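> Sequence and predicted structure, then a few things I'm wondering about:
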Amino acid sequence: MCPSWRTLVPVALASVGIGLLICPGPAHAAEPLQASELLLVYNRLEPAGEALAKHYAEVRQVPADRFCPLEVPPRNDQIEPEDFERLIRQPIRDYLTKHQLRDKVRCLVTFYGLPIRVGQAKPVPGENELRSKFRGELAEVLTAFDRLIREIEGIGGGKPTLPPLASQPTVEDFPRLAKDYMIARREAIVRLERLRQEGQGGDDLRRILAIFERIEGAGRILEQMSPSSGVNRAAAEERIDQMRQSARIDLAVAYDLLALDYRDPARERGRQLLAKYEGIIGLVLSLRNDLARLETAQSESAVDSELMLLWWRVYPRSRWVLNPLNWRLRANANLGNSLSPGDRDEPVLLVARLDAPTYSVARRMIDDTVRAEKQGLAGNVYIDTRGLPANTGHGALDQTLRDLAAMLSRDTSLPMIVDRRPEVFAPRSCPNAMLYCGWYSLRKYVDAFKFVPGAVGYHIASLEAVSLHQPQETGWCRGLLLRGITATVGPVAEPYGEAFPKPKDFFGLLLTGRFSLAECYAYTIPFNSWMMVLLGDPLYRPFAAKPLLAVEQVFEANLIPVEFRPPSK
């Protein structure tokens, strides 16, 4: 436990100006994914999957300590949530911990023989009682937040302008309160800085810092605090660093306690630590998270999508979790407000699957990637739009395909066929196919393509990866793989159109040659703990030897993470 930061270190007022829960960008490697960063996860009870993992390891020279055998009942597409935790997630965590690989493995590779889908979560016992309890606690915290905002308005000679909340607040009131707080905070700092320059306002300064600490928590302020002038800077920085380390330890304890069963009394200690170090804001987000975790509707998901959050503990399973690796989301400074407290700073893994209707097709996928990397990938690009206006119905999704076509037309000389009719490409109409993206034939594959070895593509529609192995399955993932595609993407249940990677982003990054297939997917997929699965060799880089695009031609400069930006001239 650390003493109050206000009693230890003089602080310059401007140094505590911070935004609400700005999520730091996840750590990424500037270099492409390497074989030494993989963990191969296979089902010991499925000999074909084990053989496939060994073949892949030999082809890609994966280190010998990167085989993680699981024991899961084979030949099942779906696994129940409790079995997923017990038979898949926890054994992988244990393997990485035991072999000291947590900080070395960036990507999990799942193999033929493992389930592809996690079933719907079961209701929590006593959920109505818990929901009422959490809503009551949340209302108390939000009421205190509202009162403190109006108190801030009056400090330093200000005049309160915000009326109190008209009724018992709910989680829907939090965004408005957070906005009001930032405005009141900023204006109060301006007033106090003016008083400080006049040699006044000392009592008001101490008062407002105490309020900031209560709302934001000592931990959040410590992370962005620096010593003021006129002190022994080295000593002050050392003491601040000591307090930061103590706060991080206590916060880790807090979130471990809050990950316990809802009825465990130790959770109350977690709430107390959270209030100290993350303040009212942390309490609001934690209670909001507890309420979200009680929801079980639409909690079905892809096994691989859940494994991207392998190290996360207490995120909601209903619907999705925003993907912190997605470049467009990363650029949003408020992303952290939408992520699970206690987990938002944990790593997000890359995950790809080497799976197909048969063992031989899955093995062909591996061999074709190596062949394409050695010989180069060439052929036609097929883009299948529906000709919908961008501002009507599904037109925004249709526009994403036109954006891909426009980029390729403008910045490359690739042979490209763009279909703007409502119908999909006709059978046997697309020879020499290298890249494909289009829509919309729901779970009814149309045999339009003859793919070159190494081809990559996906069809935007629901349910296209419900099953890869059932002979009667007619979805596009099974059909594309049987007809020779090397890598594809699809949903294991209803995903909604926005769940797919934006075609321009995904194929654009692939064409730079700078990123592996798994990175192209992880940097463009918008959601984790949801329906999508990547089928293909995670290391695949078909354009590494001959890049066709630069990153700056794909993404606006402000969306490119700093580690991938071109060096300043």
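Looks like it arrived, so ask away. All values derive from a computational prediction rather than experimental measurement. Numbers count the residues shown, from 1 in each chain.

> And the pLDDT at the residue nearest the centre of the chain?
Closest to where the C-alpha atoms of the chain average out (Cα atoms, centre = their mean) is residue 323, at 1.8 Å. At residue 323, the pLDDT value in this model is 97.

> what packs against the helix or strand harbouring residue 511?
Using DSSP states H and E, residue 511 maps to helix 503-512. Packing contacts for helix 503-512, counted by 3 or more Cβ pairs under 8 Å, 6 or more residues apart in numbering; DSSP states H and E, involve helix 395-411, strand 430-438, helix 517-522, helix 551-554. Where C-beta positions appear, they are placed from N, C-alpha and C, glycine not excepted.

> mind running it again at 6 Å?
helix 395-411, helix 517-522 (3 or more Cβ pairs under 6 Å, 6 or more residues apart in numbering; DSSP states H and E).

> could I get the ones you listed as a markdown table with distance to residue 267, mean pLDDT and mean neighbour count?
Listed next are the helices and strands packed on helix 503-512 as a markdown table, based on distance: least, Cβ to Cβ, whole Å; pLDDT from 0 to 100; neighbours: other Cβ atoms under 10 Å:
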| stretch | distance to residue 267 | mean pLDDT | mean neighbour count |
| --- | --- | --- | --- |
| helix 395-411 | 42 | 96 | 18 |
| helix 517-522 | 33 | 98 | 26 |
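
> and those as a markdown table, adding distance to residue 232?
As requested, the helices and strands packed on helix 503-512 are exported to a markdown table (distance: least, Cβ to Cβ, whole Å):
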| stretch | distance to residue 232 |
| --- | --- |
| helix 395-411 | 56 |
| helix 517-522 | 45 |
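
> Out of those helices, which is closest to residue 283?
helix 517-522 (31.6 Å; Cβ to Cβ).

> and the next helix or strand after that closest one, how far from the chain's centre?
Note on helix 517-522: by DSSP H and E, the next helix or strand toward the C-terminus is strand 527-528. Its chain's average C-alpha position is 5 Å from that of strand 527-528, according to Cα atoms, centre = their mean, to the nearest Å.

> And the next helix or strand past strand 527-528?
Toward the C-terminus from strand 527-528 - assigned by DSSP H and E - lies strand 532-535.

> just for the chain, where's the confidence low?
1-29, 228-231, 568-569 (pLDDT under 70).

> So what angle separates the directions of the strand ranked longest in it and strand 430-438?
When the chain is parsed with DSSP state E, its longest strand is strand 449-459. Angle, strand 449-459 to strand 430-438, by axes from the mean of the first three to the mean of the last three Cα atoms, to 10 degrees: 0 degrees.

> packing partners for strand 449-459?
Using 3+ Cβ pairs under 6 Å, 6+ apart: strand 449-459 touches helix 359-375, strand 430-438.

> Point out the most buried one among those.
strand 430-438 (a mean of 21; mean count of other Cβ atoms under 10 Å).

> how far does that strand sit from the chain's center?
That offset, for strand 430-438, works out to 29 Å (Cα atoms, centre = their mean).

> helices and strands around that strand, which ones?
By 3+ Cβ pairs under 6 Å, 6+ apart, strand 430-438 packs against strand 380-384, strand 449-459.

> got the contact list for it?
377, 379-384, 448-452, 455-457, 503 (Cβ atoms under 6 Å, 6 or more residues apart in numbering).

> ok, 8 Å please
377-385, 401, 404, 414, 417, 419, 424-425, 448-452, 454-460, 485, 503, 507 (Cβ atoms under 8 Å, 6 or more residues apart in numbering).

> Among those residues, the buried ones, what's the ChimeraX command?
A single ChimeraX command selects the buried members of these (16 or more other Cβ atoms under 10 Å):
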select :377,379,380,381,382,383,384,385,401,404,419,424,425,448,449,450,451,452,454,455,456,457,458,459,460,485,503,507
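
> Is it correct that residue 45 is in contact with residue 74?
Yes - the criterion here is Cβ atoms under 8 Å, and residue 45 meets it with residue 74 at 4.9 Å.

> re earlier: can you add distance to residue 184 and give the helices and strands packed on strand 430-438 back as a markdown table?
Formatted as a markdown table, those follow (distance: least, Cβ to Cβ, whole Å):
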| stretch | distance to residue 184 |
| --- | --- |
| strand 380-384 | 50 |
| strand 449-459 | 48 |
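
> of all these, which lies closest to residue 353?
Of the helices and strands packed on strand 430-438, nearest to residue 353 by Cβ to Cβ is strand 449-459, at 13.6 Å.

> Point out the other helices and strands that the very next helix or strand once past that closest one packs with.
Next helix or strand after strand 449-459 toward the C-terminus (DSSP H and E): helix 476-482. Packing contacts for helix 476-482, counted by 3+ Cβ pairs under 8 Å, 6+ apart, involve helix 359-375, strand 449-459, strand 488-491.

> Next, format these as JSON lines and append distance to residue 518.
Shown next, in JSON lines, are the helices and strands packed on helix 476-482 (distance: least, Cβ to Cβ, whole Å):
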{"stretch": "helix 359-375", "distance to residue 518": "12"}
{"stretch": "strand 449-459", "distance to residue 518": "12"}
{"stretch": "strand 488-491", "distance to residue 518": "11"}
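
> For the helix holding residue 511, which outside residues touch it?
Contacts for helix 503-512 (Cβ under 8 Å, 6+ apart): 327-328, 383, 400-401, 403-404, 407-408, 412, 435, 437, 456, 489, 515, 517, 519-521, 523-524, 542-543, 547-551, 553-555.

> coming back round to it: then the longest strand of the chain to PDB, C-alphas only?
Output in PDB follows, covering the C-alpha atoms of strand 449-459 (Å, rounded to 0.1, in the frame of the first residue of the first chain):
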ATOM      1  CA  PHE A 449     -13.500 -20.100 -59.200                       C
ATOM      2  CA  LYS A 450     -10.400 -21.900 -60.300                       C
ATOM      3  CA  PHE A 451      -7.800 -20.900 -57.700                       C
ATOM      4  CA  VAL A 452      -4.100 -20.600 -58.200                       C
ATOM      5  CA  PRO A 453      -2.000 -22.200 -55.400                       C
ATOM      6  CA  GLY A 454      -1.700 -19.700 -52.500                       C
ATOM      7  CA  ALA A 455      -5.000 -17.900 -53.300                       C
ATOM      8  CA  VAL A 456      -6.600 -15.800 -50.500                       C
ATOM      9  CA  GLY A 457     -10.300 -14.800 -50.300                       C
ATOM     10  CA  TYR A 458     -13.500 -14.600 -48.400                       C
ATOM     11  CA  HIS A 459     -17.200 -14.300 -48.900                       C
END
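
> what's the angle between that strand and strand 380-384?
Using the same axes, to 10 degrees: strand 449-459 against strand 380-384 is 50 degrees.

> and the angle from strand 449-459 to helix 359-375?
Going by the same axes, to 10 degrees, strand 449-459 makes 100 degrees with helix 359-375.
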